[in-house]
Structures are given as C-alpha cells and as structure tokens.
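A.B. asks: could you look at this predicted model? Sequence included:
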Amino acid sequence: MSIFDLFKEFSDVNKTIIFKLELLRQGVKFSEKALKKVQEIDTAFKGFFLFSYDRGGMVTHEQKIPDYMYVGDNTPIQVRTYDKSPYTIDETNGIFVVMENGETIEEVYFLPAPKYYSKYLSDGTPMRAIVNAPGLDRLFVTINKYCEMFKADNQCWYCDFVPTTAEQTKKGEKIITHKDPEQVAEVLAVALEEPRFRHIYLTGGSILSSVMGMNEIEYYCRHLNTIRKRLKVWYPTNFQIGALKEDDWKRIYDTGVGVVQPNIEVWDKELFKVLCPGKDKYVGYDEWIKRTIKGVDIFGPWRVMPNFVTGVEMAKPMGFKDVESAVKSTLGGFEFFMEHGVMPRMDLWCIEPKSKLGGQDPPPIEYYIRIGQGYTSLRRKFGLGLPIADSRESYGIDCQYDWDYFHPSC
C-alpha cells in the first residue's frame, strides 16, 4: 500500500504524522544525486551515537549521511537508512524531497550542524565524540559506550549497542568507551553557549562489575556531580539508567538531576523475560516496576520516565500476533504507570540488523497510529502534559510530541 493510500485510509490523522511514522518504520534511502548534494551542505551527519538506528547496513560517520531531517514546521525525523525502503530522498535545484515510485510526497530539509561540532579538545578529541546533538535543541551524552549485558549474551534483543560501538571504532570514529567526566563537562559548557540547546540527555550501558575501580552508581554519580559543578545549574536533564534501589535513587537525586529514565522497554511480563533477559536476570520484571514507582517518591510525579520500545511486543515468533492485543498490552502499561505518577515515553522500534531481532518486518502503521492516539488520550485523561526534558523539535524517534501539536483538540 502506497503512502498516498495511507493518507486516504487514515484521513483523520494529520499527514505529517503518517509521513513521519512511515519513514521511521520503513527507513529511507538517498538517490545518488541527493546523497552527493547533501554531503556538500552544513549539517550533522550520523555517527558517534549509542545505537545505529539503521534498518539496513550500519552507517558510520565517514559516509556522511544526515542524522536528522525536518519537514514542515520543524517536525524532526531521524534518518534510518534502508536500501529496500519504498521511500527515496531526491534533490532538484537544492530542494530535497521524499519520493515514492517517482512521485513527490513531501519536501524535507536539514538543519545546520552545531558550531561545537567543528571544535576539538586540547588532546585532539573532536567534541562531537563526547557530546552528540540529535535534533534542534538537545544534547546527548553516552557516558559509558559499552553494556556489560552483552558479555554473557544477556543483552536486550532489539539492541545493537555493542555492535554499533565496534563498527564505529572499526570505521575510524574516535569512540571513547568510558568518557572522562571533566571532558564531558567541558564540552557541555561549550555546546550550551549556543542558544539553540535547551535539554540534556545522559545515558550509558549497564555496568555489572566495575569501571575505573567504581561500581555503576559511583561511576555515574562522579560524572553527574562533575557536570553540575561545571555548569553551576542543571538544564532540563534526563538521565537514563536501570531501575535502582531506593538508596541508589537517592544518590542520583542528590546530584541534582531532575528526571530519570529506567527503561522497561516492553510491558508484557513474559515478553520482558525473553526480550530483556539481562534486565530480568539482574532485577526482574516485578522488581523493575516496583523500583520505578519508588523513584516517584524521590524525584516527584512525572519525573520518572521509563521508555517503551513500541512495536517490539509484536516481534516474531514470541510477540503478539495481532495489533489489537499488542496495543491493549502496551496501553495497559502506560495507564498503570500514569496511575502511579510515572510518565512513560516511547521510542519507535528500529529493527537494526545487528540486533537479535534483525531482519524482521515492522508492525503495521495501524499499530503505531493506535498507540499514539491511545497514549495521547491517556495523558489527557490524567491531565498530563508532555514528558519534560525534551521537545517536539528534537524528538525524531517517535510521534509522541506530534499528536498534541497536530491534533490539539482530539
């Protein structure tokens, strides 16, 4: 079914939402002409990030493929490459468009790269290798570029964290596995001199043993305290880490970080055990939920924001076989968390080939439309705004911010 048929079938949904969902779901490819032209412009290229977010072969920095594209009124769409995608980016007279079967769907554009991307630390490390800028106003730091869940094959099945790090290193990206906190703080300070940046994301792989003689909490708290000391005040910041015990939540809270994100990824208990074996082994499903809710007592309502990899609950062969069951399960998880003061968020599943689920087909667009509508309705039911510590102009991995923008009264 062409995207124009989807526009007709879902005529009650804004076309930009359908367009964005399709490009995230199915990926996009570049014509030779468009690729040559886009490599000549000043924009941020893929690379240095924590995941590949490519449905096809992994793209690294030297290939000069844009990281994000924008459409219309600053609607961001993460570029997820796939050479079998029905959607092609082409170019004519400096104008970039997305096409399907030779027919133009929509014009797209690419934002200028941040100024700090051209700067280097005193030891020659490119600042881009320390802090990424995915989107218009967000800074993203992968403090620890390795996840120990991969050591014993306990990684989440949708995840290509470690294979991405390996490929980036092989292709010449200056990947720093364990970043120095002083360097992180320095680059953040430089980047924040640019008025466009308003939000910070901090993340890292699971530490099961120790790094530099420190356990996971000690290692991450060292970074958080160093950043706070340098910046003097926290910008709206989201720190992604596993579901912690109460005392460890308090240690994170004492660093001043305002939002934490213990990602549960999938709501169904049996699927959690299969798709997130390490999280199930070291914490467990029930304990993960218990600790997530306990975080609300420390950080406050709506400041604990677990991620759901939407669509992964339909992974084959273990997942739900029909859209209705998958939507019911995930919306049930959203509602449960909201009832307990927890604000869930979404990341549309990218089927990366070097993950254990590589090669699968994505869920139908109907699933994503119903999830988006249901999530928005639940927030309104509970009188909630959108998740803090992010913005619509930077959230290119899902449409959770776009539903309110394009359907403010539905």
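C.D. replies: Now that the structure is in, tell me what you want to look at.
A.B. asks: what about the strands in the stretch 201-350 of the chain?
C.D. replies: Ranges of strands within the stretch 201-350 of the chain are 237-240, 259-261, 307-310, 345-348, based on DSSP state E, counting those that start in this stretch.
A.B. asks: can you give me the offset of the last one from its chain's centre?
C.D. replies: Just to be clear, that refers to strand 345-348. Distance, stretch centre to chain centre, for strand 345-348: 7 Å (Cα atoms, centre = their mean, to the nearest Å).
A.B. asks: give the pairing partners of it; include direction for each.
C.D. replies: strand 307-310 (parallel) (DSSP bridges).
A.B. asks: what sits against Val59?
C.D. replies: Contact analysis of Val59 by Cβ atoms under 8 Å, 6 or more residues apart in numbering lists Lys46, Gly47, Ser52, Ile65, Thr81. No exception for glycine: its C-beta is placed from N, CA and C like everyone else's.
A.B. asks: Arg198 is nearest to which of the strands of the stretch 201-350 of the chain?
C.D. replies: Arg198 lies closest, by Cβ to Cβ, to one member of the strands of the stretch 201-350 of the chain: strand 237-240, at 10.6 Å.
A.B. asks: check which residues of that closest one are buried.
C.D. replies: Neighbour counts over strand 237-240 (16 or more other Cβ atoms under 10 Å) mark Thr237, Asn238, Phe239, Gln240 as buried.
A.B. asks: of these, closest to Ile95?
C.D. replies: Once Cβ to Cβ is applied, the member of these that ends up nearest Ile95 is Asn238, at 35.1 Å.
A.B. asks: I'd guessed Tyr120 sits against Met127; true?
C.D. replies: Yes. Using Cβ atoms under 8 Å, Tyr120 is in contact with Met127, at 6.5 Å.
A.B. asks: quick one, which of these two is more surrounded?
C.D. replies: Neighbours were counted for Tyr120 and for Met127 using other Cβ atoms under 10 Å; Met127 has more, 20 against 12.
A.B. asks: follow-up on the earlier one: Serialize the contacts of Val59 to a markdown table and add fields for distance to Ser206.
C.D. replies: Below are these laid out as a markdown table (distance: Cβ to Cβ, whole Å):
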| residue | distance to Ser206 |
| --- | --- |
| Lys46 | 24 |
| Gly47 | 23 |
| Ser52 | 19 |
| Ile65 | 29 |
| Thr81 | 27 |
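A.B. asks: run a quick neighbour tally on Ala326.
C.D. replies: Neighbours of Ala326 (other Cβ under 10 Å): 24.
A.B. asks: how about the nearest residue to it, chain neighbours excluded?
C.D. replies: Take Ala326 and drop its neighbours on the chain: the residue closest to it by Cβ to Cβ, 6 or more residues apart in numbering is Phe320, 4.0 Å away.
A.B. asks: what does stretch 278-296 contact?
C.D. replies: By Cβ under 8 Å, 6+ apart, stretch 278-296 touches 149, 154-156, 206, 208, 242-246, 249, 260, 262, 264-265, 269, 272-273, 303-304, 306, 337, 340-342.
A.B. asks: the helices in the protein, which residues?
C.D. replies: Remark: helices assigned in the chain by DSSP state H are 3-9, 15-26, 32-38, 161-170, 181-191, 216-231, 246-253, 269-275, 277-282, 285-299, 323-339, 365-381, 402-406.
A.B. asks: quick one, which of the ones you listed is packed in tightest?
C.D. replies: Stretch with highest mean neighbour count among these: helix 15-26 (a mean of 22; mean count of other Cβ atoms under 10 Å).
A.B. asks: one step back: mind checking how far the residue nearest to Ala326 is from Ile143?
C.D. replies: Applying Cβ to Cβ, to the nearest Å, the value for Phe320 to Ile143 is 34 Å.
A.B. asks: between these two, who's got more neighbours?
C.D. replies: Using other Cβ under 10 Å, the more surrounded residue of Phe320 and Ile143 is Ile143, with 25 against 19.
A.B. asks: and the more buried one, how far from Arg230?
C.D. replies: Separation of Ile143 from Arg230 (Cβ to Cβ): 14 Å.
A.B. asks: check contacts around the residue nearest to Ala326.
C.D. replies: Asp268, Glu313, Met314, Ala326, Ser329.
A.B. asks: before we move on, the earlier item: closest to Gly396 out of the helices of the chain?
C.D. replies: helix 15-26 (8.0 Å).
A.B. asks: and the contacts of Phe320, which two are the farthest apart?
C.D. replies: In those, two members sit farther apart than any others by Cβ to Cβ. They are Asp268 and Met314, at 10.7 Å.
A.B. asks: name the residue in these two with the higher neighbour count.
C.D. replies: Using other Cβ under 10 Å as the criterion, Asp268 and Met314 rank with Met314 on top: 25 against 20.
A.B. asks: how far away is the closest residue to that one other than its chain neighbours from Leu24?
C.D. replies: Using Cβ to Cβ, 6+ apart and skipping the chain neighbours, the partner closest in space to Met314 is Pro363 (4.5 Å). Pro363 is 12 Å from Leu24, where distance means Cβ to Cβ.
A.B. asks: what residues go with each domain of the chain?
C.D. replies: For the chain, automatic domain parsing gives the domain ranges 3-108, 115-406.
A.B. asks: neighbours around the residue nearest to Gly341 when sequence neighbours are not counted, how many?
C.D. replies: Leaving aside its chain neighbours, Gly341 sits nearest to Pro301 (3.8 Å; criterion: Cβ to Cβ, 6+ apart). Using other Cβ under 10 Å, Pro301 has 13 other residues around it.
A.B. asks: dihedrals phi and psi, Pro301?
C.D. replies: Recorded main-chain torsions at Pro301 are phi -60, psi 140, according to degrees, to the nearest 10.
A.B. asks: if I look at it, how far off is Ser210?
C.D. replies: Taking Cβ to Cβ, one finds Pro301 at 34 Å from Ser210.
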